[in-house]
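After the sequence you'll find the predicted model.
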Amino acid sequence: DAGVIQSPRHEVTEMGQEVTLRCKPISGHDYLFWYRQTMMRGLELLIYFNNNVPIDDSGMPEDRFSAKMPNASFSTLKIQPSEPRDSAVYFCASSLEGSRTEAFFGQGTRLTVV
Amino acid sequence: GDSVTQMEGPVTLSEEAFLTINCTYTATGYPSLFWYVQYPGEGLQLLLKATKADDKGSNKGFEATYRKETTSFHLEKGSVQVSDSAVYFCALSSMYSSASKIIFGSGTRLSIRP
């Protein structure tokens, strides 16, 4: 398997624009996590899914953020409208049977909002 | 709620020095504990893990022992190398309803001088 695949690797957008980040988890994994990493706040869990169902979205910062998982092989994180403070590296991770087993991370999407 | 506290960095050592990065946790029940490593420009990858009290996780010369009595999971290595320079994250699994999520510490940046 190619691992967790995220796209794009880098995104630069203007304030107010919609941004969509994409993630393909490892085949067969039933958990998918979205994290945000910044220097100030470290690694924050935004939302996670189990069998495509959102389980906990308490980390989603505001209504501008939304995440979907329409099927087992694809998830999106959308920011609309984007703001400069959303600039961060966004990671997607997947695991089998929750966190008793290893979570595999993608390489991340570096988002810059200008 | 569940949480992880790890020593703040940056930590700078000379090659072949002994390394300890402290990690303590607060959790209900019996979490699994992990150390992840993040090399520059990459996602996190699992370094080692322990799933029950007194277990010792080890990998690449790194070790950590799950100490329930002190709620700790300190990372150690007897002789560090320049290639060990990275950010290290302590983490635990947290049960929430019937699902689970991983909670990360703030990360400790390690720099090794030749």
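Thanks, I have the structure now. Numbers count the residues shown, from 1 in each chain, chains lettered A, B, ... in the order given.

Averaging pLDDT per element, find the lowest-scoring helix or strand in chain B.
When the helices and strands of chain B are scored by mean pLDDT, DSSP states H and E, strand B:99-104 comes last with a mean of 75.

Toward the C-terminus from that strand, list the very next helix or strand.
strand B:108-113 (DSSP states H and E).

Is that next one in proximity to chain A?
No: for strand B:108-113, no contact with chain A is found by Cβ under 8 Å from any Cβ of the partner chain; the gap never falls below 10.6 Å. Yep, even glycine has a C-beta here, placed from its N, CA and C like the rest.

For that strand, list the C-alpha coordinates in CSV.
What follows is strand B:108-113, C-alpha atoms only, in CSV (Å, rounded to 0.1, in the frame of the first residue of the first chain):
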residue,chain,number,x,y,z
THR,B,108,10.0,18.0,21.9
ARG,B,109,12.4,19.2,19.3
LEU,B,110,15.8,17.3,19.5
SER,B,111,18.9,18.6,17.9
ILE,B,112,22.1,16.5,17.9
ARG,B,113,25.5,18.2,17.4
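
What residues of it count as buried?
For strand B:108-113, the neighbour count (16 or more other Cβ atoms under 10 Å in any protein chain shown) marks B:108, B:110, B:112 as buried.

so, if you compare those residues, which one comes nearest to chain A?
Using Cβ to the nearest Cβ, the shortest approach to chain A within the buried residues of strand B:108-113 belongs to B:Thr108, at 10.7 Å.

ok, residue 7 - contacts?
In the absence of a named chain, chain A is used. A:21-22, A:109 (Cβ atoms under 8 Å, 6 or more residues apart in numbering or on different chains).

think we crossed wires, I meant chain B
Taking Cβ under 8 Å, 6+ apart as the test, what B:Met7 contacts is B:21-23, B:108.

what mean pLDDT would you report for the biggest strand by length in chain B?
When chain B is parsed with DSSP state E, its longest strand is strand B:86-96. The average pLDDT within strand B:86-96 is 85.

List the beta-bridge partners for the most centrally placed residue in chain A.
In chain A, the residue lying closest to the centroid (Cα atoms, centre = their mean) is A:Trp34, at 3.3 Å. Under the criterion DSSP bridges, A:Trp34 forms beta bridges with A:Ile47, A:Cys92.

Quick check, it in contact with A:Cys92.
Yes: using Cβ atoms under 8 Å, A:Trp34 makes contact with A:Cys92 at a distance of 5.8 Å.

re the thing from before, which one of the contacts of B:Met7 sits closest to B:Val87?
B:Thr108 (6.8 Å; Cβ to Cβ).

Report pLDDT for the residue lying closest to the closest one once chain neighbours are set aside.
The shortest distance from B:Thr108 to any non-neighbouring residue, by Cβ to Cβ, 6 or more residues apart in numbering or on different chains, is to B:Gly9 (4.2 Å). For B:Gly9, the pLDDT comes out at 85.
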